[in-house]
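1. The following block contains a protein sequence and its predicted model.
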Amino acid sequence: INNQEVIHPARTSTIVWSTGNNIPAITRVTNSFACSVLAEEAPFQILTEQQQVQVNQSRQILIPVMLEKRNAFDDKVTFTPQGLPKSANIDIKLDPIEKGATNNTLRIFVKDNSPPGLYTLWFNSTGQVAYRHNPAKAERLAKLHEQAKKVVEEATKVRDEITPKKNAAITLLTQASENVTKVQASVVAKQAEIAALKAQLQQVTTVNQQAMTQLTAAQSQVTSLEQQLAAAMKEESEAATAKQVELTQQHVVAKITLESATVAQTEAAQKLQQITENVKAADQALVNETEALRTAQADMKKADDNKKTLESEEQNAQREINIREPLRVQAEKAATEAATAATAKNLNFTPPSTPIIIEVKAAPLKLTAIPDGEGKLKQSEQVQVKVKITRQNEFKGPVKLTLPTIPGIAGITADTPEIPAYQTDGTITLTASADATEGALANLVLRATADFNGEAAVDIPITITVNK
């Protein structure tokens, strides 16, 4: 203030219990407050170039007000003045900025009875916007949901790829188990067959040994009879002849017995050889079956290990799904709620304007003005305005009359007469050019300037209507 930095300590507070049923709210002082800044631009912002003005009583201030539009906003914005007490006696006028427009003029008129002092003026602006609440949050949660969804989909894909492999492994294990059972049965059958063959071999061996014994005995008997017959043939007696006949008969019988024993021993030997070969073949077959059993058991173990591995991988994948799916559902719910909250809704957006500090100083005079002809002025003509000043605050000096430039009014000029010291009356002449602004001239004032503790200026509104 007055080019000096002014610092006031500020304390923050919070509402403990809100108002209700005509009961005032309960508040308390705090040592801090939370401020959250969203990463989204406001749809519009009200800006003023002037933040501080210093004026005398009875003074008009015209301040350009700019509407900065963002995010395709283009609608009407209205204004409600705030901050000024009723006792300030300061008139405020700021018409709405209509759709398609970006600026307007704020008119502040400090009345001649406004108490000197500092006043803070700001506006609560209102415009209807298609507002999306925190779209960044909705986008962020949507991405998180997509990530959670992708994790579940990948885990599901892994599980779905493993399941047919596991089922195939179960089928292979079943087939391997059946093969082991089959080969085990074959081994047992082959072992039984070998046992039977070995028992048969033992019997045939015994039979063969008996046949060999009988054959040897028959051969010995035939040899003995042949020797006896040969000895008998040397004798020539009746007794010897009878002996020869008997021995010959016995020899024939012995030969027949020998032939039978030879046939029996040959058959026994052949059968023994066949059974021995059968036992040998069965032993080799048992070796092969045993090796096949080991192979089948190894295949079954491999299939079982593969099945267990795939079952473990499937369980891990399912466990991952069980963990991630609730998180995905939670993320989907949060994303849906945020998306719903971020859906564009027509809401009244009410951002405050930048504040304007008004310093009101005492005026050296009061001013009245009466235009001739009720203020009707034709283009290319003139009109005179009679001015009367009422001096105050011991002011006695000269006063200069002027017509300040008003935005939106063109082609209106005036002379700059002076009311001498101690005098109270004067006349100022307004001239309209050929292309002067037509109609009732808004915000038109006459200004009286004087030296009163520095330059002082006092305004008085006048009604001028320009016609062709």
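-> Arrived safely.

2. Tell me the buried residues in stretch 375-386?
-> Of the residues in stretch 375-386, 375, 377, 383, 385 count as buried by neighbour count, 16 or more other Cβ atoms under 10 Å. All C-beta spots, glycine's among them, are computed from the backbone N, C-alpha and C.

3. And those, which is closest to S433?
-> Each of those was scored against S433 by Cβ to Cβ, and L377 proved nearest at 10.9 Å.

4. Quick check: the closest one touching V466?
-> Yes: with contact defined as Cβ atoms under 8 Å, L377 counts as touching V466 (5.2 Å).

5. Need the overlap of contacts for the two.
-> Among the neighbours of L377, those also in contact with V466 (Cβ atoms under 8 Å, 6 or more residues apart in numbering) are 432, 436.

6. returning to what we had before: quick one: which two of the buried residues of stretch 375-386 are the most distant?
-> Pairwise over these, using Cβ to Cβ, the maximum falls at L377 and V385, 10.2 Å.

7. Which neighbours do those two have in common?
-> With Cβ under 8 Å, 6+ apart as the test, L377 and V385 both reach L430.

8. what's the longest helix in this protein?
-> The longest helix of the chain (DSSP state H) is helix 238-341.

9. Just the CA coordinates for stretch 371-391, please, in PDB.
-> This file holds the C-alpha atoms of stretch 371-391, laid out as PDB (Å, rounded to 0.1, in the frame of the first residue of the first chain):
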ATOM      1  CA  PRO A 371     -26.700  19.700 -19.500                       C
ATOM      2  CA  ASP A 372     -28.800  22.000 -21.600                       C
ATOM      3  CA  GLY A 373     -31.700  20.600 -23.600                       C
ATOM      4  CA  GLU A 374     -31.900  17.500 -21.300                       C
ATOM      5  CA  GLY A 375     -28.600  16.300 -22.700                       C
ATOM      6  CA  LYS A 376     -29.800  15.800 -26.200                       C
ATOM      7  CA  LEU A 377     -26.900  16.200 -28.600                       C
ATOM      8  CA  LYS A 378     -26.900  15.900 -32.400                       C
ATOM      9  CA  GLN A 379     -23.800  14.800 -34.400                       C
ATOM     10  CA  SER A 380     -21.700  17.700 -35.500                       C
ATOM     11  CA  GLU A 381     -23.200  19.900 -32.800                       C
ATOM     12  CA  GLN A 382     -22.500  21.100 -29.300                       C
ATOM     13  CA  VAL A 383     -24.200  21.100 -25.900                       C
ATOM     14  CA  GLN A 384     -23.300  23.100 -22.800                       C
ATOM     15  CA  VAL A 385     -23.200  21.600 -19.300                       C
ATOM     16  CA  LYS A 386     -23.600  23.900 -16.300                       C
ATOM     17  CA  VAL A 387     -21.400  22.800 -13.500                       C
ATOM     18  CA  LYS A 388     -21.600  23.800  -9.800                       C
ATOM     19  CA  ILE A 389     -19.100  22.800  -7.200                       C
ATOM     20  CA  THR A 390     -19.500  22.700  -3.400                       C
ATOM     21  CA  ARG A 391     -16.200  23.200  -1.700                       C
END
